[in-house]
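Engineer: With the input below, show me the fold.
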Amino acid sequence: MRKCIYITDDGWWDTDVTILPQIIDDYEITVVVSERLKQLKYEQKNIRGVSKIIKYQTIYRNSDIRKIFKSFIFGIKEYIRQSIGKQDNLIIYLKNSDIAFLLLFSWLLPRRRTIVGIHDFIMHKGKNTGLYSFFYNIVYRKFDYFLFFSETQQSQFSSEYPKKKAFYINMPLKDFGSIMKEKHNPGNRIFLFFGFIQAYKRLDLFIEASQHVTSGAKFIIAGACNDWDRYKALLTGKKNNVQCEIRFIANNEIAFYFQKADYLVLPYDEATQSGPLTIAYNYCLPIIATDIKLFATMVKNGGNGFLFHKGNLEAFIQTINHANEISNQQYSSLVAGMCKAKNEYQKTTDFKLSLENFVKENNI
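Structural biologist: Purely as a prediction, here's the structure:
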């Protein structure tokens, strides 16, 4: 059985727990993971069928000399211990944000047997975007083979690096337990904004729209935020129709929020993939989203949810009011449309088949 060395720094572990179980019967898998101790989403870092998980844990920032030193020592030690340079090992390396770790493995890993997994080729705007782009470009230039988790990401990459070989799978759906869906009548629907709150996700629009709903709709905000005071100020003195759970939402709590909601709301200015969207797909929960490319491919307007023009508050308010007032029969039709979309989507999440074909085609 061929050995596969899987290198990641995904402290959230979401991608790994969905794709690795698909290939455990075909490879002897060793996971090497760089974890940031304050960002662990899963209590036990274990994946069915993976017997060896080697962890590098750090509390230091990228700029801290202690982290740079630890990263290099750990990387060299595991390079030797795992025989990464051995002729027949397949390497799957998820590009990470530990710069020392990133540069070290970019230098050490064999070009012809390494597939680099990319979550965000199109980076969200923010602090240090230019710095990370510089280091990531080193990775893009060195390696030949790449894995993406959305067609949008792969298409953009291939247009900028046409000589590189790449494939994609859509992010497998995440199931956080069964739910018994709550039923709410027209005029009293519940709208959910879920996940880690960042500026580009436009929670400000969600809050503003909540104040212009025409009847008894309720709104839930659930997720951690590093800048909550900014959004809290927007709610001061406003209607009491917004429930706020501003904290880390544990895995065993996630199903509760998707059980209560009638719609997941994604008023984002940009997105290349979305964890909350795949959870909504898993639970056949209709979606209200902006008309950016990713969401326009996932949400059929009037079929499994509703789209509105990015950044347009008036259009957003109209969409929320319409979604709130539709009949139970119309709402059931949206749920059926989402279940149909879910079945079609799942056909594009087969990591095992896609990896087998890519390895064979490129003689990796």
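Engineer: Please name the residues that touch the nearest residue in space to Gly187 that is not next to it in sequence.
Structural biologist: Distance criterion CB to CB, 6 or more residues apart in numbering; nearest residue to Gly187, sequence neighbours excluded, is Ser215 at 4.0 Å. Backbone N, C-alpha and C define where each C-beta goes, glycine included. Neighbouring residues of Ser215 by CB atoms under 8 Å, 6 or more residues apart in numbering: 187-188, 324-325.
Engineer: which two in the residues you listed are spaced the farthest apart?
Structural biologist: The largest distance within the contacts of Ser215, taken as CB to CB, falls between Asn188 and Glu325 and amounts to 10.1 Å.
Engineer: Mind checking which of those two has more residues around it?
Structural biologist: Set Asn188 next to Glu325 and count neighbours by other CB atoms under 10 Å: Glu325 wins out with 15 against 12.
Engineer: Backbone dihedrals for the more buried one, please?
Structural biologist: phi -100, psi -10 (degrees, to the nearest 10).
Engineer: What of the one 5 residues further on?
Structural biologist: The phi and psi torsions at Gln330 (degrees, to the nearest 10) take the values phi -60, psi -40.
Engineer: And for it, the neighbour number?
Structural biologist: Neighbours of Gln330 (other CB under 10 Å): 13.
Engineer: Check Tyr161 too.
Structural biologist: Neighbours of Tyr161 using other CB under 10 Å come to 16.
Engineer: Ile29 too?
Structural biologist: For Ile29, using other CB under 10 Å, the count is 22.
Engineer: Repeat that for Lys77.
Structural biologist: Using other CB under 10 Å, Lys77 is surrounded by 12 other residues.
Engineer: Point me to the helix or strand that includes it.
Structural biologist: Using DSSP states H and E, Lys77 falls within helix 65-81.
Engineer: Restrict that helix to CA atoms and write it as CSV.
Structural biologist: Provided in CSV are the C-alpha atoms of helix 65-81 (Å, rounded to 0.1, in the frame of the first residue of the first chain):
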residue,chain,number,x,y,z
ILE,A,65,11.3,34.3,16.5
ARG,A,66,10.4,31.5,18.8
LYS,A,67,7.7,30.3,16.4
ILE,A,68,10.1,30.5,13.4
PHE,A,69,12.7,28.4,15.3
LYS,A,70,10.1,25.8,16.4
SER,A,71,8.6,25.6,13.0
PHE,A,72,12.0,24.9,11.3
ILE,A,73,13.0,22.3,14.0
PHE,A,74,9.7,20.5,13.7
GLY,A,75,9.7,20.5,9.9
ILE,A,76,13.2,19.2,9.5
LYS,A,77,12.5,16.5,12.2
GLU,A,78,9.4,15.3,10.4
TYR,A,79,11.0,15.4,7.0
ILE,A,80,13.6,12.9,8.3
ARG,A,81,11.2,10.9,10.5
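Engineer: which element follows that helix toward the C-terminus?
Structural biologist: The helix or strand immediately downstream of helix 65-81 is strand 90-94, counting by DSSP H and E.
Engineer: model confidence over that next one, on average?
Structural biologist: For strand 90-94, the mean per-residue pLDDT is 87.
Engineer: And stretch 353-364, by the same measure?
Structural biologist: Rounded to a whole number, the mean pLDDT of stretch 353-364 is 94.
Engineer: Export that stretch to PDB, keeping only CA atoms.
Structural biologist: Presented in PDB, the C-alpha positions along stretch 353-364 are these (Å, rounded to 0.1, in the frame of the first residue of the first chain):
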ATOM      1  CA  LEU A 353     -12.200   9.400  -7.500                       C
ATOM      2  CA  SER A 354     -10.800  12.800  -8.400                       C
ATOM      3  CA  LEU A 355      -7.500  12.100  -6.700                       C
ATOM      4  CA  GLU A 356      -7.100   8.700  -8.400                       C
ATOM      5  CA  ASN A 357      -7.700  10.100 -11.800                       C
ATOM      6  CA  PHE A 358      -5.300  13.100 -11.200                       C
ATOM      7  CA  VAL A 359      -2.500  10.800  -9.900                       C
ATOM      8  CA  LYS A 360      -3.000   8.500 -12.900                       C
ATOM      9  CA  GLU A 361      -3.200  11.200 -15.500                       C
ATOM     10  CA  ASN A 362       0.000  12.900 -14.300                       C
ATOM     11  CA  ASN A 363       1.900   9.800 -13.300                       C
ATOM     12  CA  ILE A 364       2.500  11.200  -9.800                       C
END
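Engineer: so how far is it off the chain centroid?
Structural biologist: Centroid displacement of stretch 353-364 relative to its chain, using CA atoms, centre = their mean, to the nearest Å, is 24 Å.
Engineer: Now do the residue nearest the centre of the chain against Phe196, distance only.
Structural biologist: In the chain, the centroid-proximal residue (CA atoms, centre = their mean) is Gly275; its distance is 4.0 Å. Computed as CB to CB, to the nearest Å, the Gly275 to Phe196 distance reads 9 Å.
Engineer: Read off the pLDDT value for Arg141.
Structural biologist: With respect to pLDDT, Arg141 scores 89.
Engineer: and if you look at Gly49?
Structural biologist: On pLDDT, Gly49 comes in at 63.
Engineer: Kindly report the same for Phe248.
Structural biologist: For Phe248, the model assigns a pLDDT of 87.
Engineer: close enough to count as contact, it and Ala224?
Structural biologist: Yes - the pair formed by Phe248 and Ala224 meets the contact definition of CB atoms under 8 Å, at 4.9 Å.
Engineer: re earlier: ok so the residue nearest to Gly187 is a strand residue?
Structural biologist: No - per DSSP: H, G, I helix; E, B strand; the rest coil, Ser215 lies outside any strand segment and is coil.
Engineer: Phi, psi for it please.
Structural biologist: phi -140, psi -140.
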